[in-house]
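Engineer: attaching a predicted model along with its sequence, questions to come.
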Amino acid sequence: KQILMAIGDEDCSIEHLERLVRQDPVLVYRILLMVNSAAFGGRHEIGSLRHALMMLGFRELGRWLAEQLPNSEPDRDLHPVRYAMVMRSRLAQHLLATGSEDNLRGEVYTTALLSQLDRLLHQPLGELLNRLPLSGRVFDAVLRHDGPYHPLLDVARALGEPAQLHRLPSVCQRHDISLEHANRALIRMLATSRDHASPRSERLT
């Protein structure tokens, strides 16, 4: 409902809409599935949620969300899981070098967000992700625990889970990421937790 309200705001920007949508890993997954359906011209490699939202446009997204509302009541018991997934995704994004391109940041966020989707949808992760034409970098990180994004996910997991915090020094050493850099990423993530993008910017039709 919050997303539908934002879409109805003439001043809502694509950046603000993306910020709202990406708080729900299942919604992100379903949007990616829809964008890559035959109705939208077949399968495309998608690097970020923003790309998918730009393909949809505000009006089509609003129409689709309105159709989903009757069956979209979330499982409240899974709220902590969703929240933890979002926090780890933001941590992974902040572990990137300052000034990294938006497309790279978006793909890293999406990679981390999808990495535990099986916990929400109760299906094998490989089966879920193979329905999407994601880049090899995403598959490497999530399914093979390899590639350029794997260190970011591994450190974010150790940094974001109290039970895993004791692993942080060894995980950072393994991936050649300093503890200082990891801790600064955590501080940046916490500092921007209440920061919301302004709805005013270029609007999609």
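Structural biologist: Received it, and whenever you're ready, just let me know what you need. As the structure is a prediction and not an experimental result, all values here were calculated from the model.

Engineer: show me what the longest helix belonging to the chain packs onto, helices and strands only.
Structural biologist: With DSSP state H setting the assignment, residue counts place helix 79-94 as the longest helix in the chain. With contacts defined as 3 or more CB pairs under 8 Å, 6 or more residues apart in numbering; DSSP states H and E, helix 79-94 has these neighbours: helix 25-35, helix 102-114, helix 118-121, helix 150-160, helix 179-191. Every residue, glycine included, has its C-beta placed from N, CA and C.

Engineer: hmm, 7 Å instead?
Structural biologist: helix 102-114, helix 118-121, helix 150-160, helix 179-191 (3 or more CB pairs under 7 Å, 6 or more residues apart in numbering; DSSP states H and E).

Engineer: take the ones you listed and write them to JSON lines, including mean pLDDT.
Structural biologist: Below are those laid out as JSON lines (pLDDT from 0 to 100):
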{"stretch": "helix 102-114", "mean pLDDT": "90"}
{"stretch": "helix 118-121", "mean pLDDT": "92"}
{"stretch": "helix 150-160", "mean pLDDT": "94"}
{"stretch": "helix 179-191", "mean pLDDT": "93"}
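
Engineer: now tabulate these in TSV and tack on distance to residue 78 and mean neighbour count.
Structural biologist: Formatted as TSV, those follow (distance: least, CB to CB, whole Å; neighbours: other CB atoms under 10 Å):
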stretch	distance to residue 78	mean neighbour count
helix 102-114	14	22
helix 118-121	6	15
helix 150-160	17	22
helix 179-191	22	15
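
Engineer: possible to save the ones you listed as CSV with distance to residue 63?
Structural biologist: Formatted as CSV, the entries for the helices and strands packed on helix 79-94 read as follows, by distance: least, CB to CB, whole Å:
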stretch, distance to residue 63
helix 102-114, 23
helix 118-121, 24
helix 150-160, 34
helix 179-191, 34
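
Engineer: give me the number of residues near residue 59?
Structural biologist: The number of residues packed near residue 59 is 11, by other CB atoms under 10 Å.
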